[in-house]
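Visitor: Sharing a model prediction with you, sequence too.
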Amino acid sequence: MLALASGALLLIGYLTPFAGALAGPISLGSAFSWFPPPNLNLFEARSTAALATVIAAALVCLGPGAFSIDGRLYGGREIVIPDTSPSSNS
């Protein structure tokens, strides 16, 4: 249930850092679980689980996209880098 909830939150882009932080340990836990999976599982291969964990960590660090719910709620951020080169008008 937690995997479905975090996947749905990541898909719609709501609470992206929280959902990404939740998705990482879930995918690692399913990869290194001692219990056999009850059905065919996407995370049976440990490399697939490692890739999903890296993607979740990247989403936590980068944040939501421009077309996500978080992007609509909190607005876009614009980084303005000031021009520090010497101007010829001085």
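Guide: Cool, got the structure.

Visitor: what about Gly65, neighbour count?
Guide: 11 (other CB atoms under 10 Å). Every C-beta, even on glycine, is put in place using the N, C-alpha and C of the backbone.

Visitor: which residues does Ile26 contact?
Guide: Neighbouring residues of Ile26 by CB atoms under 8 Å, 6 or more residues apart in numbering: 2-3, 6.

Visitor: quick one: which of the residues you listed is nearest Gly13?
Guide: Ser6 (12.5 Å; CB to CB).

Visitor: How confident was the prediction at the closest one?
Guide: We have a pLDDT of 82 for Ser6.

Visitor: residues contacting it?
Guide: Neighbour list for Ser6: 19-20, 22-23, 26 [criterion: CB under 8 Å, 6+ apart].

Visitor: what does Ile12 give?
Guide: When contacts are counted by CB under 8 Å, 6+ apart, Ile12 is found next to 68-69.

Visitor: I'd like to know which elements the helix or strand where Ile55 lies is packed against.
Guide: Using DSSP states H and E, Ile55 sits in helix 46-62. Counting by 3 or more CB pairs under 8 Å, 6 or more residues apart in numbering; DSSP states H and E, the packing neighbours recorded for helix 46-62 are helix 16-31.
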